[in-house]
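In: no sequence on hand, only this structure:
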């Protein structure tokens, strides 16, 4: 704190001219006159600094002051004023001494003299004691209000986190249910096919089939399985093409007086086999063993397909669990160098249940971006809030665009949607706590407030919204370097 000189006190009559004290009685004004002092500050000097012990209550008499708050490595101007009577400093001096906040009061921001300024100031402890003595009922009400607001903020903040956790859990459960159910169905069907294969193998090995035919069947089976593997990778057919081939194979079975063509044809077509392959098999296998051999090979092919389904399903489950682990940042350091794309992708997977058929997701990622220092678990909460809001705004139809780019010394993450947009009259309020446009019961109004605090206060970044109907973009800027280490 830097001053140039100290002058006389303000008289009770002078104090009564300021809106803050105009309703006080003579005794109260005399007390203020006796305990307060006028201090002058030269232009450019600091009246008090953020996080310093809150020892004084200040009232501006003349000049222009700037109130700012420290965010990461730079000061953000909150307001500037030249209004006589504007007050700052220990504004919560009225808190009762037993209150936990009272024992550790510090200035929330800093005040600087933009021009030469004069302040009337009074010691916070003396001022607080006087207020509690003069207005006991009001101080009790304010004390209770302050405590209640802090408690309600904590409860509703916890509710917001639990609600977000519930949404993610429901989405993850939905995503896990599909591959898990597919794996169960495929396993049950595989058990039936393996039993049928054992029965057919017993028939083929009963001695009625000569060894040379068994060898040829085994070779045909291996060749068919190899062909099936290639078809799974490269031989995808349209539904119409698959239907035509199934009809051709069913007709082949009928032409050769073989049964169950309609049952075996889908498996054979899915394996990339056709009537030419069937002709080749008919030439290699005696007629009396052809149908049994075809069934045996088809059961083997279907078993391979079912095992592939089980593998795909379990891979999907493993990927979902990996995404959930990445999202929650389990067994990882709280603060670390991260690739923002990893968190964005894991969040999309976690919210996959909300990306319905009418939603198109566009990922415009700049893969040349460097890693940045961040709290990844907290950023994932930001991505969740912004993407969930975007999906909700589009109501099942539109385009969700996630774009990353470099913007000077920052990484830009932009989440856009084609919903109705944010009306201009509320655009300035959406980051305020408890402000929500959702119906009662669907939102607490804390999602964007929490996101703003994570981006701005925790990471020294910036969060803005640009919106017109059909094009809403939330822009998150995160510094490339750790501001606290510069």
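Out: Okay, I see it. Model, not experiment: these values are computed from the prediction.

In: could you point out which element follows the host helix or strand of residue 139?
Out: Per DSSP states H and E: residue 139 is located in helix 136-204. On the C-terminal side of helix 136-204, the nearest following helix or strand under DSSP H and E is helix 211-234.

In: quick one: buried residues of that following helix?
Out: Judged by neighbour count using 16 or more other Cβ atoms under 10 Å, the buried positions of helix 211-234 are 213, 216-217, 220-221, 224, 227-228, 231. Where C-beta positions appear, they are placed from N, C-alpha and C, glycine not excepted.

In: try stretch 336-348
Out: Buried positions in stretch 336-348, judged by neighbour count with 16+ other Cβ under 10 Å: 338-341, 343-348.

In: now, those that are in strands?
Out: When DSSP state E defines the strands, the subset of the buried residues of stretch 336-348 inside them is residue 338.

In: just checking, residue 32 touches residue 121?
Out: No: taking Cβ atoms under 8 Å as the definition, residue 32 is not a contact partner of residue 121, at 11.1 Å.

In: any chance of the buried residues of helix 211-234 in CSV, plus distance to residue 58?
Out: As requested, the buried residues of helix 211-234 are exported to CSV (distance: Cβ to Cβ, whole Å):
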residue, distance to residue 58
213, 103
216, 99
217, 96
220, 94
221, 90
224, 88
227, 85
228, 82
231, 80
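
In: which parts of the protein belong to which domain?
Out: 5-134, 170-320, 336-485 (automatic domain parsing).

In: possible to save the ones you listed as a markdown table with distance to residue 143?
Out: Shown next, in a markdown table, are those (distance: least, Cβ to Cβ, whole Å):
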| stretch | distance to residue 143 |
| --- | --- |
| domain 5-134 | 6 |
| domain 170-320 | 41 |
| domain 336-485 | 21 |
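
In: can I get those in a markdown table with mean pLDDT?
Out: Below are those laid out as a markdown table (pLDDT from 0 to 100):
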| stretch | mean pLDDT |
| --- | --- |
| domain 5-134 | 83 |
| domain 170-320 | 82 |
| domain 336-485 | 85 |
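
In: by how many degrees do whichever helix or strand residue 292 is part of and helix 211-234 diverge?
Out: Using DSSP H and E, residue 292 maps to helix 287-328. Here helix 287-328 points in a direction 30 degrees away from that of helix 211-234 (axes from the mean of the first three to the mean of the last three Cα atoms, to 10 degrees).

In: quick one: residues contacting residue 274.
Out: 245, 248-249, 268 (Cβ atoms under 8 Å, 6 or more residues apart in numbering).

In: how far does stretch 184-192 sit from the chain's center?
Out: Distance, stretch centre to chain centre, for stretch 184-192: 37 Å (Cα atoms, centre = their mean, to the nearest Å).

In: flag every buried residue along it.
Out: Within stretch 184-192, the residues scored as buried using 16+ other Cβ under 10 Å are 186, 190.

In: before we move on, what about stretch 403-415?
Out: Quick answer for stretch 403-415 (16+ other Cβ under 10 Å): 403-404, 410-415.

In: ditto for stretch 388-401
Out: So for stretch 388-401, counting by 16+ other Cβ under 10 Å, buried means 388-394, 398-401.

In: so which of those sit within helices?
Out: Those of the buried residues of stretch 388-401 mapping onto helices are 388-394, per DSSP state H.

In: now the two most distant members of those.
Out: For these, with distances taken as Cβ to Cβ, the pair at the greatest spread is 388 and 394 (11.3 Å).

In: where does the residue nearest the centre of the chain land in three-state SS?
Out: The chain has residue 384 as the residue nearest its centroid, 2.0 Å off, counting by Cα atoms, centre = their mean. With DSSP: H, G, I helix; E, B strand; the rest coil as the basis, residue 384 sits in helix.

In: hmm, who's touching stretch 112-129?
Out: Residues from elsewhere that reach stretch 112-129, judged by Cβ under 8 Å, 6+ apart: 10, 15, 32, 35-47, 54-66, 68, 80, 82, 89-90, 93-95, 102, 105.

In: cutoff 6 Å now
Out: Contact partners of stretch 112-129, identified using Cβ atoms under 6 Å, 6 or more residues apart in numbering, comprise 10, 35-36, 38-43, 45-46, 54-59, 61-66, 90, 93-94.

In: same check, this time on stretch 260-269
Out: 242, 245-246, 249-250, 253, 298, 301-302.

In: which of these tops the neighbour count?
Out: For the contacts of stretch 260-269, the largest neighbour count, defined by other Cβ atoms under 10 Å, is 25 neighbours, found at residue 298.

In: show me the contacts for that residue.
Out: 264, 267.

In: distance of it from residue 185?
Out: As defined by Cβ to Cβ, to the nearest Å, residue 298 lies at a distance of 19 Å from residue 185.

In: also residue 276?
Out: Counting by Cβ to Cβ - residue 276 and residue 185 are separated by 32 Å.
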